[in-house]
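Trainee: Sequence plus the predicted model coming up.
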Amino acid sequence: MSNAPARSRIGVDGALVSRVYPWLTLGTEAATLFPLMRKKSQAVTIHEVTLQILGILREGPDSANHIVLRLSQENDGKTPPLATFYRHLKTALDNGWVAIAGEVQAGRGRPQQRYRVTDAGARAAAVEARRLRSLADLALGRTHAL
């Protein structure tokens, strides 16, 4: 008999979630954001940079360069390192929160990809905003009906 942890298949693509690590599963609201993961636990937390990217793209499709400029404007001139920005953009793409909207030729170089927020991305941002509002209300001693 093997001592290896038991694993179960979740989703149509066969993504594995270990029964040994229940914290790897997602909450009920998250099941609509991540259709391949259907287990109940706690809600998904979206990183601040990812949330800002989703917020910027809600205003309309844009290129990575313009998103970085907007992040700088929103954060008093402080821009996250480019590696951090692209990691969070990739996370948003991988989760289906952002999609490629097309390409724009900007000068002689390679065309710039434009990104747009998806319906799932708008829902994910709304869920996270409600969660953060609730935490802020709790910290400030206010009650707020969701």
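Mentor: Ah, there it is. Just so it is clear, the structure is predicted and the values come from calculations on it, not from any experiment.

Trainee: other SSEs contacting the top helix by length along the chain?
Mentor: Secondary structure of the chain per DSSP state H: the longest helix is helix 119-140. On a contact count with 3 or more CB pairs under 8 Å, 6 or more residues apart in numbering; DSSP states H and E, helix 119-140 meets helix 28-33, helix 48-57. All C-beta spots, glycine's among them, are computed from the backbone N, C-alpha and C.

Trainee: Touching, residue 111 and residue 105? I think so.
Mentor: Yes: counting by CB atoms under 8 Å, residue 105 is a contact partner of residue 111 at 4.9 Å.

Trainee: So the two - more neighbours on which side?
Mentor: Neighbours of residue 111 and residue 105, each counted by other CB atoms under 10 Å, are more numerous for residue 111; the result is 12 against 9.

Trainee: Look up phi and psi at that one.
Mentor: As for residue 111, its main-chain torsions (degrees, to the nearest 10) stand at phi -60, psi 140.

Trainee: In contact with it, which residues are there?
Mentor: Applying CB atoms under 8 Å, 6 or more residues apart in numbering to residue 111 gives the contacts 103-105.

Trainee: picking up where we left off before, need the least confident one among the helices and strands packed on helix 119-140, by mean pLDDT.
Mentor: Among the helices and strands packed on helix 119-140, helix 28-33 carries the lowest mean pLDDT, at a mean of 46.

Trainee: Can you give me the neighbour number for residue 101?
Mentor: For residue 101, the tally of surrounding residues (other CB under 10 Å) stands at 16.

Trainee: Okay, it and residue 64: tell me how far apart.
Mentor: As judged by CB to CB, to the nearest Å, residue 101 and residue 64 stand 12 Å apart.

Trainee: which neighbours do those two share?
Mentor: residue 115.

Trainee: what domains does the record give for this structure?
Mentor: Domain segmentation of the chain under automatic domain parsing yields 1-44, 48-140.

Trainee: Would you single out the least confident of the ones you listed?
Mentor: If you rank the domains of the chain by mean pLDDT, domain 1-44 sits at the bottom with a mean of 43.

Trainee: Report the buried residues of stretch 62-77.
Mentor: 62-64, 67-68, 70-71 (16 or more other CB atoms under 10 Å).
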